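Student: Please work out how this folds:
(chains A and B)
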Amino acid sequence: MSTATAAPAWTKVRQQPGALARLFDNKAFLIVICLLPAVGLLMTFLTYPLGLGVYLAFTDQTIGRRGIWVGFENFEFLFEDPIFWNAVFFSVFYTAIATVGKFALGLWLALLLNQHLPMKSILRAIVLLPWIVPTVLSAIAFWWIYDPQFSIISWMLIELGIRETNVDFINSPWSARWSLIWANIWRGIPFVAISLLAGLQTISPSLYEAALLDGATPWQRFRHITFPMLLPILAIVMTFSIIFTFTDFQLVYSITRGGPVNSTHLMATLAFQRGIPGGQLGEGAAIAVAMIPFLVFATLFSYFALARRKWQQGESND
Amino acid sequence: MASVSVRQVRKQFGSTPILHGVDVEIADGEFVVLVGPSGCGKSTLLRMIAGLENITGGEIAIGGRVVNTVPPKDRDIAMVFQNYALYPHMTVRENMAFSMMLAKAPGDVIEREVRQAARILGLDALLDRYPRQLSGGQRQRVAMGRAIVRHPQVFLFDEPLSNLDAKLRVQMRSEIRELQQRLATTTVYVTHDQIEAMTMADQIVVMNGGRIEQAGAPLELYDRPGNVFVAGFIGSPAMNLLQGEVADGGFRCQGGAVLPLPPHAPRNVATYGIRPEHLVLAADGIEATIAIVEPTGSETQVGFRIAETPMIGAFRERIAGRPGETLRVLPDLSLVHLFGPDGRRL
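Tutor: Residues are numbered from 1 along each chain as shown, chains lettered A, B, ... in the order given. Prediction:
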């Protein structure tokens, strides 16, 4: 009976952690294990298809035949291809006009919805409708609206006595292009309007009251208060909108399939057309890869336009 | 400079009345403080003078001109908002110059006015900063600078100090007052803080529930409150207001304390008011049981009970008493306020 064991005050026994517990205490191991699922998913579903697409662009693979590396041959071919250049032109034109339209109308709608209107919440819900309808469904609706024979617009114009014949919406190149742009604007307005409305609601009403007392007219209040304060969110929304519009596929493919005579092919629809129904996987991939510089440009635009402006920053006094 | 007249002004939001016929006369160059608890309509009245709210009834005149239908920018007023409402994307200089820029003033005039206002307010070094980069007190000064560059007829302040810390508030309080005296511009100032009202105003308008309870010079309101509400609102710590009736040769409060009445007091006293600072310690006083002792340094505030009636006293003497101990107090009879059953001063 030694006195040393005779019940000293109880102390917490510091247990040696097991090997597994020590492993999970290792920060590097934890980082790897936590990132693994996300990285795995991204690699499988993003990096691999993208890498494969880029690889295919440099081969002459077709459906059913393994291709060989051909270097820039696909791009050289496309460089000479008027249909490809037409698709490039229409992609840029489509994106530019539709973006301007969406932002002009969307901003206007957002400003309206920001006023005190009766039944404001119902109106906001209605505005969202074009956005929540599946694209293919609205494309089919537009397909009918633009139908050479059964178009409701043609019918109305004739009934009203404004026209004698049906309107040619999608059977000649320019009218088809404008019709598609209009359908895209219609579909894109809600996204712009609701996003900008969220931005508008962050602007303190007292700024408008101060401007009112400072003698600003409604236009001056928009020009000097609303617009500059909305600019950061405007830049984000515009970047997204440009990317979505430039890579648009569903609307065009559902309504015109690139016709008439390839006049309404976007780069995305042309890539699909050449690659899958046409079977020229390498060539289709090359067209898709050719979109990348445009998208990089749009992303850079967002990077620089979104850089926090000086007035948004805190503290620094320089 | 201009006078401001508010005559029988009413305001309703939908069917909810906010102001029930308010009259205020503000003389040229006067500093008037509208004070009252939250929701009393003081800010609404200020915004009606500014033209940010329309007027349901009555009329408001600035410099003799009825402005009911005059848009805010043509009323020749400037307002300082509670949150300052500085334009975050403009520098201090641009904030101050904005109104003159809209009015298409020449560049050199704008620059001169901005410089002058900046000098008055000590903002010279900050002209190229953004509001984000300023402290609360500096933002407050910019908001005032924006107001003074325009040389308006009337300044309107909507609780301008409520976002500042206590020390800065005291400092800005005297700065605003000093500025107003220097510029001699008619000023309407809204606050819920009666100390701000007392220290700054030429005239205080005490509002409650959309009505004016009393208007007058600060000390007049302190010395002769017209009714129970004003008596309780003006003064800190608040006046002891004791309900009860005249009986037993004094005033018997609910709770049992009997307090002496001044000579020739009317019989229909319903509320007995005595400010904490007008209670004195006296050997022949009424016995009171201490509940809490709060020394502030310059004076000692003591919460105590006479019988079951709770009261507060503020004494110059240092009191070392502990809760449960007794002390003897007497009201200074010349400074007792008596109110009738309708709450009005007798």
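Student: need the contact list for residue 131.
Tutor: Since no chain was named, I'll use chain A. A:187, A:190-191, A:194 (C-beta atoms under 8 Å, 6 or more residues apart in numbering or on different chains). In short, each C-beta sits where N, CA and C put it, glycine included.
Student: not quite, I wanted chain B
Tutor: Taking C-beta under 8 Å, 6+ apart, we find residue B:131 in contact with A:311, B:84, B:86-88, B:92, B:95, B:139, B:142.
Student: coming back round to it: take the contacts of residue A:131 and keep only those in helices.
Tutor: A:187, A:190-191, A:194 (DSSP state H).
Student: and of the residues you listed, the nearest to chain B?
Tutor: residue A:194 (23.3 Å; C-beta to the nearest C-beta).
Student: does the helix or strand residue A:183 falls within come close to chain B?
Tutor: In this assignment (DSSP states H and E), residue A:183 forms part of helix A:173-201. No - with C-beta under 8 Å from any C-beta of the partner chain as the threshold, helix A:173-201 lies outside contact range of chain B, at a closest distance of 13.4 Å.
Student: just the contacts of residue B:131 now: which is nearest residue A:199?
Tutor: residue B:88 (13.7 Å; C-beta to C-beta).
Student: From chain A, how far out is the most centrally placed residue in chain B?
Tutor: In chain B, the centroid-proximal residue (C-alpha atoms, centre = their mean) is residue B:197; its distance is 3.0 Å. Distance, residue B:197 to chain A, using C-beta to the nearest C-beta, to the nearest Å: 23 Å.
Student: Which single helix of chain B contains the most residues?
Tutor: Max-length helix for chain B by DSSP H is helix B:166-183.
Student: Please apply the same query to chain A.
Tutor: helix A:82-113.
Student: Next secondary structure element downstream of it?
Tutor: Defined by DSSP H and E, the subsequent element after helix A:82-113 is helix A:120-132.
Student: for that following helix, what is the average pLDDT?
Tutor: Helix A:120-132 shows a mean pLDDT of 83 in the predicted model.
Student: now do stretch B:238-253
Tutor: Stretch B:238-253 comes out at a mean pLDDT of 88.
Student: Next, the distance between the ends of that stretch.
Tutor: Using C-alpha to C-alpha, to the nearest Å, one end of stretch B:238-253 lies 18 Å from the other.
Student: ok, now stretch A:248-261?
Tutor: End to end - C-alpha to C-alpha - stretch A:248-261 spans 19 Å.
Student: And for stretch A:64-79?
Tutor: The straight-line separation of the ends of stretch A:64-79 (C-alpha to C-alpha) is 26 Å.
Student: and that stretch, average pLDDT?
Tutor: 86.
Student: which parts of the stretch 101-250 of chain A sit against chain B?
Tutor: Near chain B, when you scan the stretch 101-250 of chain A using C-beta under 8 Å from any C-beta, you find A:204, A:206-207, A:209-216, A:220, A:224-225, A:228-229.
Student: For residue B:52, state which of these is nearest.
Tutor: Among those, and counting by C-beta to C-beta, the member closest to residue B:52 is residue A:209, at 5.4 Å.
Student: Got phi/psi on the nearest residue to residue A:164 once chain neighbours are set aside?
Tutor: Once flanking residues are discounted, residue A:164 sits nearest to residue A:158: 6.9 Å by C-beta to C-beta, 6 or more residues apart in numbering or on different chains. Main-chain torsions, residue A:158, degrees, to the nearest 10: phi -70, psi -40.
Student: With chain B as the reference, measure out to residue A:158.
Tutor: 49 Å.
Student: Was I right to think that residue contacts residue A:167?
Tutor: No - Residue A:158 is not in contact with residue A:167 according to C-beta atoms under 8 Å; the separation is 9.1 Å.
Student: pretty sure residue B:124 contacts residue B:116?
Tutor: No - in this structure, residue B:124 is not within contact of residue B:116 by C-beta under 8 Å, at 10.4 Å.
Student: Who has more neighbours out of those two?
Tutor: Set residue B:124 next to residue B:116 and count neighbours by other C-beta atoms under 10 Å in any protein chain shown: residue B:116 wins out with 13 against 9.
Student: what's near enough to touch that one?
Tutor: Contacts of residue B:116 (C-beta under 8 Å, 6+ apart): residue B:149.
Student: sorry, back to before: for burial, what's the neighbour tally of the residue nearest to residue A:164?
Tutor: Counted with other C-beta under 10 Å, residue A:158 comes out at 15.
Student: what do you get for the one 3 residues further on?
Tutor: By the measure other C-beta under 10 Å, the count of residues near residue A:161 is 7.
Student: What pLDDT is listed against it?
Tutor: For residue A:161, the model assigns a pLDDT of 84.
Student: cool, the one 3 residues further on as well?
Tutor: In this model, residue A:164 is scored at 82, pLDDT.
Student: give me the element the residue nearest the centre of chain A is part of.
Tutor: Note on chain A: the residue nearest the mean C-alpha position is residue A:244, at 2.8 Å, using C-alpha atoms, centre = their mean. Using DSSP H and E, residue A:244 sits in helix A:227-246.
Student: Residue B:273 looks like it's in a strand, true?
Tutor: Yes - applying DSSP: H, G, I helix; E, B strand; the rest coil, one finds residue B:273 inside a strand.
Student: distance of it from residue B:223?
Tutor: As for residue B:273, its distance to residue B:223 is 12 Å (criterion: C-beta to C-beta, to the nearest Å).
Student: Which of the two has more residues huddled nearby?
Tutor: Neighbours around residue B:273 and residue B:223, counted as other C-beta under 10 Å, are more numerous at residue B:273. The numbers are 23 against 12.
Student: Next, the spatially closest residue to that one that is not a sequence neighbour: phi, psi?
Tutor: Sequence neighbours aside, residue B:337 is the residue nearest to residue B:273 in space, at 3.6 Å (criterion: C-beta to C-beta, 6+ apart). Here is the backbone geometry of residue B:337 (degrees, to the nearest 10): phi -110, psi 130.
Student: buried residues in the longest strand along chain B?
Tutor: The longest strand of chain B (DSSP state E) is strand B:279-295. Within strand B:279-295, the residues scored as buried using 16 or more other C-beta atoms under 10 Å in any protein chain shown are B:279-280, B:285-286, B:288, B:290, B:293.
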